[in-house]
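Trainee: One predicted model, sequence on top.
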2 protein chains.
Amino acid sequence: MLSKKAKYGLTALLLLAKEYGEGPILISDMAQREGIPKKFLELILLDLKKQGVLQSKKGRGGGYFLSKAPERITVGHIIRALDGPLAPLPCVSQTAYLKCEECKDETTCGIRIVMKEVRDATARILDGTSLADVLDRVERMVKLTKEASAYAI
Amino acid sequence: MLSKKAKYGLTALLLLAKEYGEGPILISDMAQREGIPKKFLELILLDLKKQGVLQSKKGRGGGYFLSKAPERITVGHIIRALDGPLAPLPCVSQTAYLKCEECKDETTCGIRIVMKEVRDATARILDGTSLADVLDRVERMVKLTKEASAYAI
DNA sequence: CTATTAGACTAGCAACTCGATAGGGTATAT
DNA sequence: ATATACCCTATCGAGTTGCTAGTCTAATAG
């Protein structure tokens, strides 16, 4: 399950991606526009900064901005940074592997075989989708629903 | 993340599937063979019984057994029964849909679009895999590793 | 019929996580 | 200097997880 932390973080990053290149945005701005508790968002953005996704500028006229183009930041990266590994089990994680002690033979563990498939499918989607991709898809959906409502009138 | 509850439950069910048709198996047997805390397993199996996956017999010669053939019990069903919905967000769940309050327009929410893809991929895998399928795949893996080790000698 | 077996059920608990808040500290621009 | 806005640590209530204890009840062997 995606935590609120990851959800808030993604929301803020999508906002920053939409206004990429137009200077820093204030935490309080983002918090207000998206209805996120300001202090909580502060922690999340700080976290993302430490992971290298964001940069910040202090003082008057400061705020946060993406440290890379929206095309080069993947949803998978962000979720891993805020919620930890994507894998449903530590023993199928690529980025945070941990063998399970009760398993005698990992390669022939049925649960592992199935869960590996799940983690691979999830990673394929999330690591293959950048912030820019998400914005594109939203764009397209907006157009589609507008057309649909135009016909409806 | 898969909870221990679901993991233990799946482990026990796979054991019951392997010996399907050979009479009931004791909780204590399963607990010992798989290294699961007995009392905890008791709760889990009781839960699965209430969901109709298992049946039980009390008294001497009693124990648990599957109420359907292993081909007809899916991994997805079990995980949902023990851990709740597969979806990473309530607003993309088929079996436990819940709209998110902060979302103005659900159809054009970027996070939702991506997470729906993840939930669909996960559900396709887990609902398409039965206990029998898991046992088959383990079988095949065991054969493969045996062949490999034979060459290694 | 009654002793034994084995599941059914309720309650509770320690540890941890989650979502959020408080209250300062520090760097920067005017 | 001083207002601005990010940086950092601590804390907290509520809920969840993994597990244990103890008792009750149904079924069967003898």
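Mentor: On my side now, so go ahead.

Trainee: And the strands in chain A, which stretches?
Mentor: A:54-57, A:63-66 (DSSP state E).

Trainee: For chain B, which of the ones you listed is the nearest?
Mentor: strand A:63-66 (15.4 Å; Cβ to the nearest Cβ). Using the backbone N, CA and C atoms, a C-beta is placed for each residue, glycine as well.

Trainee: For the closest one, name the packing helices and strands.
Mentor: For strand A:63-66, the elements it packs on are helix A:4-18, helix A:27-34, strand A:54-57, judged by 3 or more Cβ pairs under 8 Å, 6 or more residues apart in numbering or on different chains; DSSP states H and E.

Trainee: Recalculate using a threshold of 10 Å.
Mentor: Judged by 3 or more Cβ pairs under 10 Å, 6 or more residues apart in numbering or on different chains; DSSP states H and E, strand A:63-66 is in contact with helix A:4-18, helix A:27-34, helix A:38-50, strand A:54-57.

Trainee: Determine if any part of it is in contact with DNA strand D.
Mentor: Yes. Judged by Cβ under 7 Å from any atom of the strand, strand A:63-66 comes into contact with DNA strand D at A:63-64.

Trainee: quick one: that strand to chain centroid distance?
Mentor: The chain centroid and the centroid of strand A:63-66 are separated by 16 Å under Cα atoms, centre = their mean, to the nearest Å.

Trainee: Count the residues that sit near A:K99.
Mentor: Look at A:K99: counted by other Cβ atoms under 10 Å in any protein chain shown, it has 8 neighbours.

Trainee: so what does the longest helix along chain A touch, helix or strand wise?
Mentor: When chain A is parsed with DSSP state H, its longest helix is helix A:131-152. Counting contacts by 3+ Cβ pairs under 10 Å, 6+ apart, helix A:131-152 packs against helix A:4-18, helix A:75-83, helix B:110-127.

Trainee: now for these, which one comes closest to DNA strand D?
Mentor: Closest of these to DNA strand D is helix A:4-18, at 11.1 Å (criterion: Cβ to the nearest atom of the strand).

Trainee: now the helices and strands packed on strand A:63-66 in JSON lines, with mean pLDDT and distance to B:D83?
Mentor: Putting the helices and strands packed on strand A:63-66 into JSON lines (pLDDT from 0 to 100; distance: least, Cβ to Cβ, whole Å) gives the following:
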{"stretch": "helix A:4-18", "mean pLDDT": "98", "distance to B:D83": "18"}
{"stretch": "helix A:27-34", "mean pLDDT": "96", "distance to B:D83": "29"}
{"stretch": "helix A:38-50", "mean pLDDT": "97", "distance to B:D83": "26"}
{"stretch": "strand A:54-57", "mean pLDDT": "96", "distance to B:D83": "33"}
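
Trainee: where in chain A is pLDDT low?
Mentor: By pLDDT under 70, the weakly predicted segments of chain A are A:153.

Trainee: Enumerate the residues of it near DNA strand D.
Mentor: Counting by Cβ under 7 Å from any atom of the strand, chain A sits next to DNA strand D at A:24, A:26-28, A:39, A:42-43, A:45-46, A:49-50, A:56-64.

Trainee: Show me just the buried residues among the residues you listed.
Mentor: A:24, A:27, A:45, A:63-64 (16 or more other Cβ atoms under 10 Å in any protein chain shown).

Trainee: Quick check: the farthest pair among the residues you listed?
Mentor: When Cβ to Cβ is used, the two most widely separated members of those are A:P24 and A:L45, lying 11.3 Å apart.

Trainee: Mutual contacts of the two, please.
Mentor: Jointly contacting A:P24 and A:L45 under the rule Cβ atoms under 10 Å, 6 or more residues apart in numbering or on different chains are A:16, A:54, A:56, A:63-64.

Trainee: Looking at those residues, which is nearest B:A6?
Mentor: Nearest to B:A6 among these: A:L54, at 35.1 Å, using Cβ to Cβ.

Trainee: among the helices and strands packed on strand A:63-66, which is nearest chain B?
Mentor: Smallest distance to chain B across these (Cβ to the nearest Cβ): 5.4 Å, for helix A:4-18.

Trainee: Could you list the buried residues of that closest one?
Mentor: If you call a residue buried by 16+ other Cβ under 10 Å, then helix A:4-18 has these buried ones: A:5-18.

Trainee: From the contact counts, what lies against it?
Mentor: Secondary-structure packing of helix A:4-18 (3+ Cβ pairs under 10 Å, 6+ apart): helix A:27-34, helix A:38-50, strand A:54-57, strand A:63-66, helix A:75-83, helix A:131-152, helix B:110-127.

Trainee: Try it again at 7 Å.
Mentor: helix A:27-34, helix A:38-50, strand A:63-66, helix A:75-83, helix A:131-152, helix B:110-127 (3 or more Cβ pairs under 7 Å, 6 or more residues apart in numbering or on different chains; DSSP states H and E).

Trainee: Now do it and helix A:131-152, the angle between them.
Mentor: Here helix A:4-18 points in a direction 80 degrees away from that of helix A:131-152 (axes from the mean of the first three to the mean of the last three Cα atoms, to 10 degrees).
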